[in-house]
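>>> what's the 3D shape of this:
(one chain, ligands or ions: 2)
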Amino acid sequence: MKITKICCIGAGYVGGPTMAVIAQKCPHIQVTVVDLNTDRIAAWNDEDVNNIPIYEPGLSAIVAEARGRNLFFSTEVEKAIDDAQIIFISVNTPTKTYGKGKGMAADLKYIELCARQIAKIAKDDKIVVEKSTLPVRTAEAIKSILDNTGNHVQFQILSNPEFLAEGTAVEDLLNPDRILIGGDPSVEGQNAVQALVDVYSNWVAPEKILTTNLWSSELSKLTANAFLAQRISSINALSELCEKTGANINEVAKAIGMDSRIGPKFLKASVGFGGSCFQKDILNLVYIAKSYGLTAVADYWEQVIIMNDHQKKRFSNNVVQTLYNTVADKKIAFLGWAFKKDTNDTRESAAIFVADDLINEQAQIAVYDPKVSHKKVLADLDYLETRSTEKNAKAISSFESPYDACKEAHAIAILTEWDEFVGYDWQKIYDNMQKPAFVFDGRNILNKVELEAIGFVYQAVGS
Ligand code: UDX
Ligand code: ADP
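Ligands and ions are numbered 1, 2, ... in the order given. This next block holds a predicted model:
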């Protein structure tokens, strides 16, 4: 099957960058990204390509190249589905906030809506690709909906999980470690797998394209994220022990990372991991294990989350304790709100939880993040439902300049590892702060010796 038309439902952090790169690398394929959110689509179509809704290094240049040529953003979901041979489902699958599995299971209502919509519209055979991270065996549910409500056309379901990390999405898409495609073992299933392999073969070497059965592919995504998150929780657990024993977590990480069996990546101690995937996917894994009665398996993986919550809590507790057991009416400057550098995504960011704790202690939070708006900061806090919107608005403010955010602050907390923080004029920041001036470096990015020479009281994670 020669693919010439692709559609992607969901113009978010996954769908947007992924389709932009497919369009750039496959000029012969027309790629249409659709979303119900008209503001988001309008932003993707903004004349000024710097205003696209997702910040990723290198993304705006790719959109500028392909948009209008073979890359289109639209709200006409039905038309795009009708036209396409391959339909990617790239909608959000947040953790359920209600009913059975609340706080653990993935909420599949958006996925189901997509499946029903595809079934209603499709008048010829389609390949439907799960791009969103999904619980293992979701393809079965999608297939059942498509086959039972559709117009008796043939649907092939593939699982093609996305392994891109935010902040490096474009690079990860251009040079992926692997592309994983899971499909049905039948001849039709394997033909569909081949059709998708052919799309990626336009720029990915054949040995990097891995094909498996559907369930392995679905479970591999959850497993990859669980293993990555586990490394961070492991190093964070050791960071607390370092603080007690005089060991230094950076030295420990370097020493163990040089063991080729362990490797150096994902060993940065921090205030805790965030992002839309790790917590959600592990909770999902835990829920699936529980639903099969595998309590020991569930408990094992749940500990990764418990450790992460502990690390965030430990950070905020330390701020309060160090500031003489009270932060009431004290200004605490937050450098960074995004869950990591080079993204404007804030989902599950450690900053949100640390801010919430400190506001409970009646601190005044002043945020500076190069890519996150105040509207987003407030919405993130409101989402926790700890207190009223009015109270949040009084407790937290955002600044356009880091120097203003830090002015007259009692302490600075580094919550995101943005590169620019390292190059600031720290003497100037110090001069304008309350004394003693504290820095709590939740990302271990600043130079302790330099800061202490200026006069700061500097604390890092794990040393
Ligand atoms: C993750 C996976 O890496 C990616 O493959 C998957 O497709 C989606 O989930 P992402 O959430 O975008 O990607 O970011 P990632 O780079 O994995 O970072 C997640 C969190 O862990 C961030 O908050 C980051 O700051 C934190 N982290 C990462 C650490 O605290 N220490 C580390 O050593 C690495
Ligand atoms: P991710 O990080 O997984 O890409 P996002 O929340 O950034 O998640 O993006 C998911 C997008 O999917 C949102 O923009 C949302 O509006 C869109 N979406 C959800 N359900 C549907 C649907 N049924 N049809 C079209 N778009 C949808």
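>>> just checking, residue 438 touches residue 410?
Yes - with contact defined as C-beta atoms under 8 Å, residue 438 counts as touching residue 410 (6.8 Å). Backbone N, C-alpha and C define where each C-beta goes, glycine included.
>>> which neighbours do these two share?
Taking C-beta atoms under 8 Å, 6 or more residues apart in numbering as the contact definition, residue 438 and residue 410 share the neighbouring residues residue 323.
>>> what's the straight distance from one end of stretch 329-342 to the other?
32 Å (C-alpha to C-alpha, to the nearest Å).
>>> Now do that stretch, average pLDDT.
Rounded to a whole number, the mean pLDDT of stretch 329-342 is 98.
>>> quick thing: my sequence starts at 15, can you match it?
Okay, using 15 as the starting number, the last item reads as stretch 343-356.
>>> And the lowest mean pLDDT element among the helices and strands of the chain?
Of the helices and strands making up the chain, the lowest-confidence element is helix 152-163, at a mean of 89, by mean pLDDT, DSSP states H and E.
>>> packing partners for that one?
helix 123-135, strand 140-144, strand 169-173, helix 228-259 (3 or more C-beta pairs under 8 Å, 6 or more residues apart in numbering; DSSP states H and E).
>>> May I see the buried residues of the first one?
Read it as helix 123-135. 124-125, 128-129, 132-133, 135 (16 or more other C-beta atoms under 10 Å).
>>> Just confirm yes or no for whatever helix or strand residue 394 lives in near ligand 2.
For residue 394, the enclosing helix or strand under DSSP states H and E is helix 388-397. No - using C-beta under 6 Å from any ligand atom, helix 388-397 stays clear of ligand 2, coming no nearer than 12.8 Å.
>>> ok, residue 84 - how many residues close by?
19 (other C-beta atoms under 10 Å).
>>> Repeat that for residue 274.
Neighbours around residue 274, by other C-beta under 10 Å: 7.
>>> so which strand or helix has it?
Taking DSSP H and E as the definition, one finds residue 274 inside no helix or strand.
>>> follow-up on the earlier one: tell me which residues are up against the least confident helix or strand of the chain.
With contacts defined as C-beta under 8 Å, 6+ apart, helix 152-163 is touched by 103, 122, 125-126, 129-130, 132-134, 136, 142, 144, 169, 171, 173, 196, 228-229, 232.
>>> I'd like the distance from the next helix or strand after the helix holding residue 394 to the chain centre, please.
Taking DSSP H and E as the definition, the helix or strand that follows helix 388-397 towards the C-terminus is helix 403-409. Helix 403-409 sits 26 Å away from the centroid of its parent chain (C-alpha atoms, centre = their mean, to the nearest Å).
>>> Check which residues of helix 403-409 are buried.
By neighbour count with 16+ other C-beta under 10 Å, helix 403-409 contains the buried residues 406, 409.
>>> so what does it touch, helix or strand wise?
Where contact means 3+ C-beta pairs under 8 Å, 6+ apart, helix 403-409 is packed against helix 388-397.
>>> Identify the residues contacting residue 67.
25, 30, 54, 57-58.
>>> In CSV, list those along with distance to residue 350, pLDDT and secondary structure.
Below are these laid out as CSV (distance: C-beta to C-beta, whole Å; pLDDT from 0 to 100; DSSP: H, G, I helix; E, B strand; the rest coil):
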residue, distance to residue 350, pLDDT, secondary structure
25, 26, 97, coil
30, 23, 97, helix
54, 24, 97, helix
57, 23, 98, helix
58, 26, 98, helix
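>>> Looking at those residues, which is nearest residue 393?
Nearest to residue 393 among the contacts of residue 67, counting by C-beta to C-beta, is residue 54 at 14.9 Å.
>>> what about the closest one, distance to ligand 1?
Distance of residue 54 to ligand 1, computed by C-beta to the nearest ligand atom, to the nearest Å: 19 Å.
>>> and if you look at residue 246?
As judged by C-beta to the nearest ligand atom, residue 246 and ligand 1 stand 5 Å apart.
>>> Which residue is the nearest non-sequential neighbour of that residue?
Among residues not flanking residue 246 along the chain, residue 287 sits closest, at 4.8 Å (C-beta to C-beta, 6 or more residues apart in numbering).
>>> Could you do residue 454 as well?
Leaving out its chain neighbours, residue 454 is closest to residue 427 (C-beta to C-beta, 6+ apart), at 4.7 Å.
>>> Just list whatever residues bridge to that neighbour.
residue 348, residue 454 (DSSP bridges).
>>> Please list all residues in contact with it.
Residues touching residue 427, when contacts are defined by C-beta under 8 Å, 6+ apart, comprise 329, 333, 346-349, 368, 453-454, 456.
>>> If anything else comes up later, I'll come back, but that's it for now.
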